[in-house]
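In: I need the structure of the sequence given here:
(one chain, ligands or ions: 1)
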Amino acid sequence: MRTSWADSVANAESSAFATGASASTTDTTAANATAAAVVSAPRPPRAAYVPPHLRNRAASSELPATPSADGSSAAKLAPGPGAPSGGSRSDIPVETSGDNVPPPVSTFADIDLGDAVNENIRRCKYVKPTPVQRHAIPILLAGRDLMACAQTGSGKTAAFCFPIISGIMRGPPSQRQRGSKTVCPPALILSPTRELSIQIHEEARKFSYQTGVRAVVAYGGAPINQQLRDLERGVDILVATPGRLVDLLERARVSLQNIRYLALDEADRMLDMGFEPQIRRIVEQMDMPPRGERQTMLFSATFPREIQIAAMLFGIGNDDGPLMSPEPVTVLPCSPLYEMRLASDFLFNYIFLAVGRVGSSTELIVQRVEFVLEPDKRSYLMDLLHAQKVNGAYGKQALTLVFVETKKGADSLEHWLSMHGFPATSIHGDRTQQERERALRSFKNGATPILVATDVAARGLDIPHVSHVINFDLPNDIDDYVHRIGRTGRAGKSGLATAFFNENNSSLARPLAELMQESSQEVPDWLSRYATARSSYGGRNRRSGGARFGGRDFRRDSSARSGGGEYYGGGNGYGGGPYAASGIFVAFSENVPFHMVLSASVLLFSLLASVGKDIYTLLGDSAGRSCGRVCTCHCGGGGFDDFLTRCTRAQHLRTVEGYESGSSPSIASDAGPFTGYLIGSSQKRLSRAIYAEIIRFCLQYDMERILTEPDGKVGVSFDTVAKGTTTAVGE
Ligand SMILES: Nc1ncnc2c1ncn2[C@@H]1O[C@H](COP(=O)(O)OP(=O)(O)OP(=O)(O)O)[C@@H](O)[C@H]1O
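Out: Numbers count the residues shown, from 1 in each chain. Presented below is the predicted three-dimensional model:
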């Protein structure tokens, strides 16, 4: 639950104020809602804007104590994601990769954020940093670019806000040209929805209270004049939706020339096709300093593998420059590579941070999936809501968020619920901004404890007391599902998510079952059967096939972690299914640098897995290092047999499912039909060309064809080999 003083600071402009929740418990399978006191706080005076020359002073030590509705002391903060009682957070796997990753911290006291920010952290009653904060804050304070992925509700907003605020306090004062109405903020935070921008702004104001750092929000659908006036009063952190920001840039009311910090919240959404033109315009075609001269941070609970790969291939800095120049590849719009390029264009020598499995969901959310035919959905929903009411399952303040696919569907379901005695409101893109904000307010304060929403409310919104998320219509993309259910089970609290599944959702069966399994949820037998039946399907669902093979954090699957050297994974936890009979074998000679070998593997691994194929990638490299599923071994140019023999002899090969250490290549035939490809080159230049061609190929053809009709169709400079055939290629 949010701290009331901070909310009141942040909500200076809004009329409604947060309320608390009562304790509640569902039946045996349902989640437990956390008890909290009802809070209704008078607003402390609005934080005054402190001119630059007065900045960096310590904040005054006291803020008005926040009385609760009954006059007692401020509401107790529910155990946060980082709080000891906030779930099993300490054992959550954390992965970082990149050069010279700054070590994590254990407490806020270990971080030098400045007195004023530390004071605000104390006021927020954040006892200790959440895992993503422990890792991300030192990285950002060290000035590094960051791509960070952590579960919903895990405190990512503070993870990027604290370092930004602290950096601004330490840096030169914001400038504005004399007599000009153009403001030049040092920090820009972009988010995909208006409501999320409003929320981030509120958070930023809380965190920057009495620091002299001023945050302003600009979003569409609201009168621009008010926002312009607000900007004129000075801005250090501009929180904006892309559309409105472009408008402000075109009017020359904002200049990005001084941007030192660029944060993209819900970055994967910001980099997808819908936002791409605006984001590219803002970041590349205006006056923003280029990557490397600014600090860029991408945060989300999900990152499609393609974005990660691209960032690595095109963006990562090393002695040789980016692993791959984008030029040889004609990037087609509508392809994953398009997003990939975009992400990599923004980052410089970045660090990748994953807290938990990328795209996974917290175990604090109990997930249920019910098979409900389309015409039965309403009555089923009614049953659920009735049961909730009868059981008193969620208490008076418990809120239920119902996701539907279409705006029309949202209106119609809201109406129907209201007609049947369930106070509901709705939020979607066709409602005016005023209506949207009103709906959200009336949901938050419990006047209409049911909110019917489209995906406009799927990401980022941190609404206390959402105890149940119902996916009346399931989304097409599992990542959207992760964000939707993440509206409950936040900040260490538990929550319940129910999904209505039927034939129309069969493409989601497999990733859904995998996600549930990963989050230690009970997967219904019928869903497992659906998942098995859908063993192969197209690329619409980003995770199709990928999770089973290698999980979603491609670096974890395939590259050395920081401090590396050890192997990651092994067969366990990656599905453990029967041995798959197809394979891509990539062999590079010794003089090909390991990082290039690695990147080729990563690329293949990911792209092939994303089309639903079980593929093993064996790599040859001079170091003989292994990275989880991707097994590397020395390939001395002896051809495929030699390569396989070496592979199977390599002790690391035990990490490859179906192989035993020391076994011979013939194991492949024992395991069933087998196809492998050997791609090799001792020349770096050629290797690069091969990467490019593979990418091109992947874009242009269904990957099935690589596997089933390899001969001559590929048009690339590598040969294919059948089992046991010796072929040395590209030398
Ligand atoms: N260190 C902390 N201790 C306790 N609570 C915290 C801490 N940091 C953040 N929180 C609280 O956790 C909640 C979730 O934080 P936030 O909205 O930043 O999550 P998020 O990771 O951005 O989620 P999403 O992926 O859904 O956008 C907020 O209510 C926030 O106040």
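In: make it CA atoms for all contacts and neighbour counts henceforth
Out: OK.
In: can you get me a residue count around residue 142?
Out: The local packing of residue 142 (other C-alpha atoms under 10 Å) involves 12 other residues.
In: scratch that, residue 155
Out: A count of nearby residues for residue 155, using other C-alpha under 10 Å, gives 21.
In: again with residue 419
Out: Neighbourhood size, residue 419 [other C-alpha under 10 Å]: 11.
In: spell out which parts of this protein neighbour the ligand.
Out: Contacts of the chain with the ligand, taken as C-alpha under 6 Å from any ligand atom, map to 1-2, 80-82, 126-130, 151-158, 300-301, 459-460, 462, 486, 490-491.
In: once you drop chain neighbours, what's closest to whichever residue of the stretch 451-600 of the chain sits closest to the ligand?
Out: Closest approach between the stretch 451-600 of the chain and the ligand, counting by C-alpha to the nearest ligand atom: residue 460, at 3.2 Å. Leaving out its chain neighbours, the residue that sits closest to residue 460 by C-alpha to C-alpha, 6 or more residues apart in numbering is residue 196, at 6.1 Å.
In: residues contacting the one helix or strand the one you found maps to, please?
Out: According to DSSP states H and E, residue 196 maps onto helix 194-207. Contacting residues not belonging to helix 194-207 are listed as 6-7, 9-11, 117, 120-121, 157-158, 161-162, 165, 190-191, 214-220, 239-241, 437, 457, 459-462 [C-alpha atoms under 8 Å, 6 or more residues apart in numbering].
In: hang on, the earlier thing: quick check, the residue of the stretch 451-600 of the chain closest to the ligand in contact with residue 267.
Out: No. Counting by C-alpha atoms under 8 Å, residue 460 does not reach residue 267; the two are 11.1 Å apart.
In: same drill for those two, tell me which one is more crowded.
Out: Neighbours per residue, other C-alpha under 10 Å: of residue 460 and residue 267, the larger number sits with residue 460, 27 against 24.
In: contacts only, for the more buried one.
Out: For residue 460, the contact set (C-alpha under 8 Å, 6+ apart) comprises 152-153, 196, 266, 483, 487.
In: please flag which of the residues you listed sit within helices.
Out: Those of these mapping onto helices are 196, 483, per DSSP state H.
In: closest to residue 382 among the contacts of residue 460?
Out: Comparing those against residue 382 with C-alpha to C-alpha places residue 487 closest, at 21.0 Å.
In: ok, that closest one - how many residues close by?
Out: Residue 487 has 29 nearby residues by other C-alpha under 10 Å.
In: name all residues that make contact with it.
Out: By C-alpha under 8 Å, 6+ apart, the contact set of residue 487 is 152-153, 458-463, 466, 469.
In: try 7 Å this time
Out: Contact partners of residue 487, counting by C-alpha atoms under 7 Å, 6 or more residues apart in numbering, are 461-462, 466.
In: write the ChimeraX selection for whichever of the contacts of helix 194-207 are buried.
Out: Selection of buried members from the contacts of helix 194-207 for ChimeraX, criterion 16 or more other C-alpha atoms under 10 Å:
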select :6,7,9,10,11,117,120,121,157,158,161,162,165,190,191,214,215,216,217,218,219,220,239,240,241,437,457,459,460,461,462
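In: from the contacts of helix 194-207, which land in strands?
Out: 190, 215-218, 239-240 (DSSP state E).
In: if we can go back for a sec, any idea of the mean pLDDT for the helix holding residue 196?
Out: Helix 194-207 shows a mean pLDDT of 97.
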